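Asker: Next come a sequence and a model predicted from it.
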Amino acid sequence: MVSQSFRPPSVPLITVDPYFSVWSASDHLYDDHTRHWTNKRNSMTGIIRIDGNARVFMGKLELNEHASGGQPSVMVQKDLKVEAVTTTYTFEDDGVELEVLFTSPLLLDDLDLLSRPASYMTFRVRSTDGKPHEVKVYMDISAELCVNTTDQRVSWSRKSIDGGIEAMCIGTVEQPVLARTGDDTRIDWGYVYLAIPQSDKQETTIHSYQVREQFMKDGRLPRGDDEAHPRSAEEQTPVMAAVLDFGLVQDQQASQYVVAAYDDVHSIEYFGEKLDAYWRRNGMGFEEMLVLAVAQYDEIQAKCEAFNRKLTEESRVEGGSHYSDILSLSYRQAIAAHKLVNDENGEILFFSKENFSNGCIATVDVSYPSIPLFLLYNPELVKGMLRPIFRYAGSEAWRFQFAPHDVGCYPVANGQVYGENELENQMPIEECGNMLIMAAAVCSYEQNADFAREHWGLLTKWAAYLKENGMDPANQLCTDDFAGHLAHNTNLSIKAINGIGAYAILCRMLGEPEGAAYYDAAKEMAANWVSMANADDHYKLTFDSAEESWSLKYNLVWDRLLGLHLFPQQVIDRENRYYSGKQNKFGTPLDSRNSYTKLDWLVWCASMLSSKAEFEQAIAPIWYFMNESPSRVPLTDWYDTRTGEQLNFQNRSVVGGLFVRLLKPIA
């Protein structure tokens, strides 16, 4: 649970998938427009009328210059609390307290619920001065949520759905389903919805953003919907607006809610086939999904509250209050950077988008850092990350002996795009090691190796590749590709050695006789590594670099988590002592070449510290980075340790790796 004493760089509001995404990148919910994770506007607005006085609590109003009364006052924000699946803002003014809860129920043990594209906004009000107050709450969702650029034309409609739901929706006229790929993009097909349980205490309209002025003036909405459509999203920006009338509010809290939802029609193109979201797999329609979302509101809120408490308690016990803040902020981001679908055989596919990096889909070295979260709560999702890679690597389209980097550019997964498939631009050791370690991890934590047996030919090929090429890697990229090619990379060598050890684990689980030979080879390679990388009080960046060179050896974490014990404990202890002496204000740099670092790798290194006190001390700079960074974006994992400024990357799934301290070693 993140308290108001902690200032997130950007606050999650709606977090469903890489497209349906709304954040607040300001200190107060009313300081600026709400935004997509790319920081493009995805505006939602909230206004409260207390005894006829209007105050803004969400978004930045852009009123006509001749609007009566000028700019409205704001309702003072008193508190912000970010929990795993819920963000709660508290406001107070004019004798009334308003709580606004944003809940995206991304519960990893309930995949139907997790994949459902519905997010809740709950409004709770009460009197704080012992007097009754007339209260109305206005909120709207703009057409910006369904376009990539605001010059695109949109149209709208509404429907009363059986079950007592009033549903409004807006979508583009052209509907280019799955036609757009890329990184800094928003969805421009499908339909954004605002759904409200029907009652005599609410009004709705689809109209120009100027309806906000009318509500502030007289507390009402225009009769009927705007008929001037289709038109561009930037022309008198259309909004779906609702007014919730709380009537006379006393000191007992009253509550109403709305549902924001998105019908993306089709979710992923997978080797030429258009796949639907997981929740549709049994033929459920969008309206039926909305009915369930409303009918299960109380049950879902209770489940979310229970999980919020559970994660807060577990993370505090293992890593202290700073760690609890870090994980609470990371949880939704890690999951919502994915899309969950089924393939033609009914098997789960869990596609990541490599956000603000290159837009790749199902990137192996993005999955690798993310898996601690998913191993903790649902290892089946790790299999869902790996299946697309196995399918592509086993096809004639993949011509290399090592593992691929990706299977396309989101949302189209028709084959690798990274490095234009040229050999010199690949990550041979990196991706082979990642695939072997992830396969061994999911099988070990499930205590069942059937998944590895299904892909045994590829795993065996990649283990042999590492055995032949992994001890002293040639000049090539690793996952930290922004640092460029590097030969004799000692940390990459660790990955290769652990990858071979991971294969030995799978051999043992499946009764394959070559496992002992592979484990012995990994053990011998680890001993050679210690000698070749030694620099007295630490281990070098590359085998051939000067002794003062160094790097974070984050790949060592799997030696302990998988129970391999290939490297002596003194290697880990010596490295961590050395890192503490290199720490800047916001953390230890990635290596001796630059002052930038990677968020996930810092926590992986810290997780290998034996005591809770040491761990808390090691991650404290990360908390301060999040609290003070001038880069107001959903968590970046690549930043400068001196200034706290983002280098690149934001809203990536790799923050799932921050949960590594909660992951118990196999042995």
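Answerer: Alright, I've got the coordinates.
Asker: Surely residue 390 forms part of a helix?
Answerer: Yes. Per DSSP: H, G, I helix; E, B strand; the rest coil, residue 390 lies within a helix segment.
Asker: Leaving out chain neighbours, which residue sits closest to it?
Answerer: Distances taken as CB to CB, 6 or more residues apart in numbering place residue 455 nearest to residue 390, at 4.7 Å, with adjacent residues excluded. Using the backbone N, CA and C atoms, a C-beta is placed for each residue, glycine as well.
Asker: same question, residue 370
Answerer: With CB to CB, 6+ apart as the criterion, residue 370 has its nearest non-adjacent residue at 3.6 Å, and that residue is residue 656.
Asker: Surely that neighbour and residue 372 touch.
Answerer: Yes. In this structure residue 656 lies within contact range of residue 372 using CB atoms under 8 Å: 6.2 Å.
Asker: The two - which one has more neighbours?
Answerer: More crowded of residue 656 and residue 372, by other CB atoms under 10 Å: residue 656, with 28 against 25.
Asker: which residues does that one contact?
Answerer: Counting by CB atoms under 8 Å, 6 or more residues apart in numbering, residue 656 makes contact with 330, 334-335, 369-374.
Asker: rerun that using 10 Å as the cut-off
Answerer: Each residue near residue 656 by CB atoms under 10 Å, 6 or more residues apart in numbering is listed here: 330-331, 333-335, 337-338, 352, 366-367, 369-376, 381, 600.
Asker: ok so, going back, report pLDDT for the residue nearest to residue 370.
Answerer: Listed pLDDT for residue 656 reads 98.
Asker: What of residue 491?
Answerer: Residue 491 is given a pLDDT of 98.
Asker: quick one: it is in a helix?
Answerer: Yes. With three-state DSSP as the criterion, residue 491 is located in a helix.
Asker: so residue 109 touches residue 377, yeah?
Answerer: Yes. Between residue 109 and residue 377 there is a contact under CB atoms under 10 Å: 6.3 Å.
Asker: rewinding a little: tell me the phi and psi of the residue nearest to residue 370?
Answerer: phi -60, psi -20 (degrees, to the nearest 10).
Asker: How about the one 4 residues further on?
Answerer: Dihedral angles phi and psi of residue 660 (degrees, to the nearest 10) take the values phi -60, psi -30.
Asker: what sits against it?
Answerer: Residue 660 neighbours (CB under 10 Å, 6+ apart): 369, 371-373, 375-376, 554, 557-558, 561, 600, 603-608.
Asker: Please, where are all the helices along the stretch 201-350 of the chain?
Answerer: Assigned by DSSP state H, counting those that start in this stretch, the stretch 201-350 of the chain shows helices spanning 211-218, 286-295, 297-336.
Asker: Can you name the residues that contact the residue nearest to residue 28 when sequence neighbours are not counted?
Answerer: Distances taken as CB to CB, 6+ apart place residue 77 nearest to residue 28, at 4.5 Å, with adjacent residues excluded. Residues near residue 77 by CB under 10 Å, 6+ apart: 4, 27-31, 57-58, 89-93, 98, 100.
Asker: Correct me if wrong, but residue 77 is in a strand.
Answerer: Yes. Residue 77: assigned to a strand according to three-state DSSP.
Asker: what pLDDT does it get?
Answerer: Looking at residue 77, the pLDDT reads 98.
Asker: Okay, buried residues for stretch 381-398 please.
Answerer: Neighbour-count burial for stretch 381-398 flags 381-393, 398 (criterion: 16 or more other CB atoms under 10 Å).
Asker: again, but for stretch 531-550
Answerer: Those would be 532-533, 535, 538-543, 545, 549-550, for stretch 531-550 by 16+ other CB under 10 Å.
Asker: any chance of those residues in JSON lines, plus distance to residue 628, pLDDT and secondary structure?
Answerer: Formatted as JSON lines, the buried residues of stretch 531-550 follow (distance: CB to CB, whole Å; pLDDT from 0 to 100; DSSP: H, G, I helix; E, B strand; the rest coil):
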{"residue": "532", "distance to residue 628": "40", "pLDDT": "98", "secondary structure": "helix"}
{"residue": "533", "distance to residue 628": "35", "pLDDT": "98", "secondary structure": "helix"}
{"residue": "535", "distance to residue 628": "33", "pLDDT": "97", "secondary structure": "coil"}
{"residue": "538", "distance to residue 628": "29", "pLDDT": "98", "secondary structure": "coil"}
{"residue": "539", "distance to residue 628": "31", "pLDDT": "98", "secondary structure": "strand"}
{"residue": "540", "distance to residue 628": "32", "pLDDT": "98", "secondary structure": "coil"}
{"residue": "541", "distance to residue 628": "29", "pLDDT": "98", "secondary structure": "coil"}
{"residue": "542", "distance to residue 628": "33", "pLDDT": "98", "secondary structure": "strand"}
{"residue": "543", "distance to residue 628": "37", "pLDDT": "98", "secondary structure": "coil"}
{"residue": "545", "distance to residue 628": "33", "pLDDT": "97", "secondary structure": "coil"}
{"residue": "549", "distance to residue 628": "30", "pLDDT": "98", "secondary structure": "coil"}
{"residue": "550", "distance to residue 628": "26", "pLDDT": "98", "secondary structure": "coil"}
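Asker: Adding distance to residue 660, write these out as a markdown table.
Answerer: Shown next, in a markdown table, are the buried residues of stretch 531-550 (distance: CB to CB, whole Å):
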| residue | distance to residue 660 |
| --- | --- |
| 532 | 27 |
| 533 | 23 |
| 535 | 26 |
| 538 | 22 |
| 539 | 21 |
| 540 | 25 |
| 541 | 23 |
| 542 | 25 |
| 543 | 27 |
| 545 | 28 |
| 549 | 26 |
| 550 | 21 |
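Asker: I'd say residue 286 and residue 165 touch.
Answerer: No. Because the distance of 11.7 Å does not satisfy CB under 10 Å, residue 286 is recorded as not touching residue 165.
Asker: Quick check: neighbours shared by those two?
Answerer: residue 193.
Asker: quick revisit: can you tell me which of the contacts of residue 77 has the most neighbours?
Answerer: Result: residue 58 is most packed of these (other CB under 10 Å), 29 neighbours.
Asker: ok, now which ones touch it?
Answerer: Contacts of residue 58 (CB under 10 Å, 6+ apart): 13, 24, 28-30, 33-34, 43-48, 74-75, 77, 89, 91, 100, 102, 121, 138-140.
Asker: Hmm, residue 502 is touching residue 555, no?
Answerer: No. Using CB under 10 Å, residue 502 is not in contact with residue 555; the gap is 11.5 Å.
Asker: related to what we said a few turns ago, which of the contacts of residue 58 fall within strands?
Answerer: Applying DSSP state E to the contacts of residue 58, the entries found in strands are 13, 24, 44-48, 74, 77, 89, 91, 100, 102, 121, 138-140.
Asker: Around residue 530, count how many other residues there are.
Answerer: Residue 530 has 13 nearby residues by other CB under 10 Å.
Asker: and it, how far is that from residue 549?
Answerer: 16 Å (CB to CB, to the nearest Å).
Asker: for residue 640, same thing?
Answerer: For residue 640 relative to residue 549 (CB to CB), the value is 20 Å.
Asker: what's the spacing between the residue nearest to residue 604 when sequence neighbours are not counted and residue 529?
Answerer: Setting aside the residues directly before and after it, residue 604 is nearest to residue 554 in space (CB to CB, 6+ apart), at 4.2 Å. Applying CB to CB, the value for residue 554 to residue 529 is 15 Å.
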